[in-house]
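J.: Mind looking at a prediction? Sequence and model below.
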Number of protein chains: 2
Amino acid sequence: MTTFYSDIARFPVSVDCVIFGINEGDLSVLLTKRAFEPEKGRWSLMGGFVAPDEGVDQAAKRVLHDLTGLTDIYMQQVGTFGSLDRDPGERVVSVAYCALINVDQTDDSNLRSHNAVWTPLSAMPRLGFDHEEMVSRALQMVKMKFSFEPVAFKLLPQFFTMTSLQQLYETVQGNSIDKRNFRKRALENPCIEKTDLIDKTSSRRGAALFRYNATNFNPDTFRL
Amino acid sequence: MTTFYSDIARFPVSVDCVIFGINEGDLSVLLTKRAFEPEKGRWSLMGGFVAPDEGVDQAAKRVLHDLTGLTDIYMQQVGTFGSLDRDPGERVVSVAYCALINVDQTDDSNLRSHNAVWTPLSAMPRLGFDHEEMVSRALQMVKMKFSFEPVAFKLLPQFFTMTSLQQLYETVQGNSIDKRNFRKRALENPCIEKTDLIDKTSSRRGAALFRYNATNFNPDTFRL
DNA sequence: TCAAAAGTGTTCAGGGTACACCCATGG
DNA sequence: CCATGGGTGTACCCTGAACACTTTTGA
C-alpha cells in the first residue's frame, strides 16, 4: 500500500464496551476490576485496542465476544472520547460502544476469568478513566431508543411475560406505568406475539409467555 | 510520561466536518475540492489530522476555524468511522462532526483559498471516502434535534422573521407547515422573542423581526 | 388600486392518561 | 379458602391538525 500521509501523529485507538443486562431484576453493567496498569485495581469497562487488521466496530465485537462468548450482538456506537488526558498511561483515543444482552446467555466461567461482574446501575462504584461518562451517555441513548425501537427484547429471554416486559420498561424509564395502558400499547405492536406457553414460576395462576417476532416488526408504527 | 502500552498498533486519527448552512435559501454543506492525494480532485468534507497536543473535539474546532474563521461554534460528534479500507491512502480512523453556522458570518476569501463551496443538499456531487455516509448521518441527526432543541437559530442571523424560521423548518423537515400552527407553537417558547425591529426587504408591509434569547430557553418545554 | 407577504382563532378528532375489579391457582 | 399475581374496558382531557380571511404598503 502506498502511504500518502507522513509527519502526522499516530495514536492507539481503543474500544470500550458498555454492556447492559438485566441481572436479578436489576438493570446492570458488566464491569471488570483492572488487572493491569494504568488504573490497576479500579473498576472499569471492558475494553481493548484496535488491531491493524480489524475495523473499529469489529474490535468492539471482538472484545464483547472474548468476554461473554456471544456473537451476533447488537452494538451501537456511543461516541468517541479523545481528550488529551483521558488515559493516564498514554494518549489513547477511545470509541465507546453500547451492547444489550440477555444475561442468561453469557458464559459465567468466562466472566469470572476476566474479573467481570454484573453491577446494578444503582450500586455503581467509581470507574477509572472517563468510563462513568461513557456509561451515562450509553444509558441516555438506551433510554431514548426504548420507546421507539424494539431494543428491550435484546435484554429479555426469548419468551417473557407481560409483567417482566413492563418491569423492564419501568426500570429503564424510571417511572411506574399503568398495567392496562401498557398491555394495550404492547399488543398494538404485531411484533409482540402471544404464545401458548405459560410461565408458572411467578404466580399460582400462571402468566402467558410472549415472544418478539422480528418478521412482524414495523419501524414506522412501533411504540411502547 | 510513563508509557504502559507497548506492542499495540497506532493509527492516524482525523476529523471530518459536516458544516451546514443556509445559502441562498438552500440547506447547504461546505465541500472542498481536494488539492492533494489521495482522492485528489474529488469533492469531500473538510478534514484534518488530530495533532498530539490537542483533543479530538479541539481538532474539529481547529479545522472549522481554519476554514471559516469562526470560533465558539456548536459542534456535535456524528460518529466514528473506522473501517479498514475507508481511506485508500492509509488506514485512518476518522471522527465526523457536525456544525451549524450562519453563512453570513463566514469569511468568503478564506473559503475561496480552501477551494470550499457551499453546495445545496439537493445538488450534492459524489464525495470521496465515506463522506456521503457522514453527511447523511449528520443530516439525520440534525433532523432529529430540530424539533426538540433550539438548533435552528444557529443557522439564522441574530434577527429573523417568522417566515424565514418557518421556511427553515420546512426545508429541514421536508414538509410544509401550516403558518398559524407554526407561529402559535413558536410563540409558546419564551426563548423566541419579538423585537421592535422590522424587516422591509421581504415584503411591502414589513415583517417583525424575532430573536432567540438563550436566557429564556427551557430544555424541558422547548418544542417546535 | 392591486399584488404580495404578514398576521391572526376556532373547531374537531384521536391518542394518551387515569382509574378498579374479577380470575385462576397452589398451598 | 385465601393470598398472590394475571388479566381486562371505559371515560375524559388535552394536544395536534385542519382551515380562510383581513391588513399593510410600495409600486
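T.: Looks like it came in fine. Numbers count the residues shown, from 1 in each chain, chains lettered A, B, ... in the order given.
J.: how long is stretch A:119-128 end to end?
T.: Stretch A:119-128 has its terminal residues 15 Å apart, counting by C-alpha to C-alpha, to the nearest Å.
J.: do stretch A:45-52 as well
T.: From the first residue to the last, stretch A:45-52 extends over 22 Å; the measure is C-alpha to C-alpha.
J.: what comes up buried for it?
T.: The neighbour-count check on stretch A:45-52 (16 or more other C-beta atoms under 10 Å in any protein chain shown) flags A:Leu45, A:Met46, A:Gly47, A:Gly48, A:Phe49, A:Val50 as buried. For every residue, glycine as well, the C-beta is placed using N, CA and C.
J.: From the residues you listed, pick the one nearest B:Asn216.
T.: Using C-beta to C-beta, A:Leu45 is the member of those that lies nearest B:Asn216, at 38.9 Å.
J.: doesn't A:Leu31 make contact with the closest one?
T.: Yes. Under the criterion of C-beta atoms under 8 Å, A:Leu45 makes contact with A:Leu31 at 6.9 Å.
J.: which residues are in contact with both of these two?
T.: Taking C-beta atoms under 8 Å, 6 or more residues apart in numbering or on different chains as the contact criterion, the common neighbours of A:Leu45 and A:Leu31 are A:Leu127.
J.: ok, then the element right after the host helix or strand of A:Lys145?
T.: If you go by DSSP states H and E, A:Lys145 is part of helix A:131-146. Proceeding C-terminally, helix A:131-146 gives way to strand A:159-161 as the next helix or strand, assigned by DSSP H and E.
J.: residues of that next one that come out buried?
T.: Residues of strand A:159-161 classed as buried by neighbour count (16+ other C-beta under 10 Å): A:Phe160, A:Thr161.
J.: can you tell me if that strand touches DNA strand D.
T.: Yes. Using C-beta under 7 Å from any atom of the strand, a contact is recorded between strand A:159-161 and DNA strand D, made by A:Thr161.
J.: Any part of that strand near DNA strand C?
T.: No. Figure legend: strand A:159-161 not in contact with DNA strand C (C-beta under 7 Å from any atom of the strand); closest approach 14.4 Å.
J.: Partner strands of that strand and their direction?
T.: Sheet pairing for strand A:159-161, assigned by DSSP bridges, gives strand A:207-212 (antiparallel).
J.: Please name the residues that touch A:Ser14.
T.: For A:Ser14, the contacting residues are A:Gly47, A:Gly48, A:Phe49, A:Val50, A:Val92, A:Val93, A:Ser94, A:Val95, by C-beta under 8 Å, 6+ apart.
J.: what separates stretch A:126-140 from the chain centre, distance-wise?
T.: Stretch A:126-140 has its average C-alpha position 13 Å from the chain's average C-alpha position, going by C-alpha atoms, centre = their mean, to the nearest Å.
J.: Contacts for that stretch, please.
T.: Applying C-beta under 8 Å, 6+ apart, the contact partners of stretch A:126-140 are A:16, A:18, A:20, A:29, A:31, A:34, A:38-39, A:42-45, A:78-79, A:81, A:83, A:86-87, A:94, A:96, A:98, A:121, A:124.
J.: Likewise for stretch A:192-208?
T.: Around stretch A:192-208, the neighbours that count as contacts under C-beta under 8 Å, 6+ apart are A:Phe159, A:Thr161, A:Met162, A:Thr163, A:Ser164, A:Ala186, A:Leu209, A:Phe210, A:Arg211, A:Tyr212, A:Asn213, A:Asn216.
J.: farthest-separated two in those?
T.: Across those, no pair lies farther apart than A:Thr163 and A:Asn216, at 21.9 Å, counting by C-beta to C-beta.
J.: more crowded one of the two?
T.: More crowded of A:Thr163 and A:Asn216, by other C-beta atoms under 10 Å in any protein chain shown: A:Thr163, with 15 against 11.
J.: pretty sure that one is in a strand, no?
T.: No. Counting by DSSP: H, G, I helix; E, B strand; the rest coil, A:Thr163 falls outside a strand, being helix.
J.: which residues touch it?
T.: Neighbour list for A:Thr163: A:Ser202, A:Ala207 [criterion: C-beta under 8 Å, 6+ apart].
J.: change it to 10 Å
T.: When the contact criterion is C-beta atoms under 10 Å, 6 or more residues apart in numbering or on different chains, the partners of A:Thr163 are A:Lys179, A:Phe182, A:Arg183, A:Asp199, A:Ser202, A:Ser203, A:Ala207.
J.: Repeat that for A:Asp87.
T.: A:Asp87 is in contact with A:Pro12, A:Ser14, A:Pro38, A:Glu39, A:Phe81, A:Val93, A:Ser94, A:Gly128, A:Phe129, A:Asp130, B:Phe4, B:Tyr5, counting by C-beta under 10 Å, 6+ apart.
J.: burial count for the residue in chain A positioned nearest to DNA strand C?
T.: In chain A, the residue found nearest to DNA strand C is A:Arg204; the distance is 3.1 Å by C-beta to the nearest atom of the strand. Under the neighbour criterion other C-beta under 10 Å, A:Arg204 is assigned a count of 5.
J.: what's the answer for A:Ala138, then?
T.: Other residues within reach of A:Ala138, judged by other C-beta under 10 Å, total 26.
J.: ok so, going back, may I see the buried residues of stretch A:45-52 organised as JSON lines, with distance to chain B, secondary structure and pLDDT added?
T.: Conversion of the buried residues of stretch A:45-52 to JSON lines gives the following (distance: C-beta to the nearest C-beta, whole Å; DSSP: H, G, I helix; E, B strand; the rest coil; pLDDT from 0 to 100):
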{"residue": "A:Leu45", "distance to chain B": "16", "secondary structure": "coil", "pLDDT": "98"}
{"residue": "A:Met46", "distance to chain B": "16", "secondary structure": "strand", "pLDDT": "97"}
{"residue": "A:Gly47", "distance to chain B": "12", "secondary structure": "strand", "pLDDT": "96"}
{"residue": "A:Gly48", "distance to chain B": "10", "secondary structure": "strand", "pLDDT": "96"}
{"residue": "A:Phe49", "distance to chain B": "5", "secondary structure": "strand", "pLDDT": "97"}
{"residue": "A:Val50", "distance to chain B": "7", "secondary structure": "coil", "pLDDT": "98"}
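J.: what subset of those residues is also close to DNA strand C?
T.: When contact is defined as C-beta under 7 Å from any atom of the strand, those do not meet DNA strand C at all.
J.: Neighbour-wise, which one of the contacts of A:Asp87 leads?
T.: Taking other C-beta under 10 Å to define a neighbour, the member of the contacts of A:Asp87 with the most is A:Ser94, carrying 27 neighbours.
J.: Mind checking what secondary structure that residue has?
T.: In the three-state summary, A:Ser94 is assigned as strand, counting by three-state DSSP.
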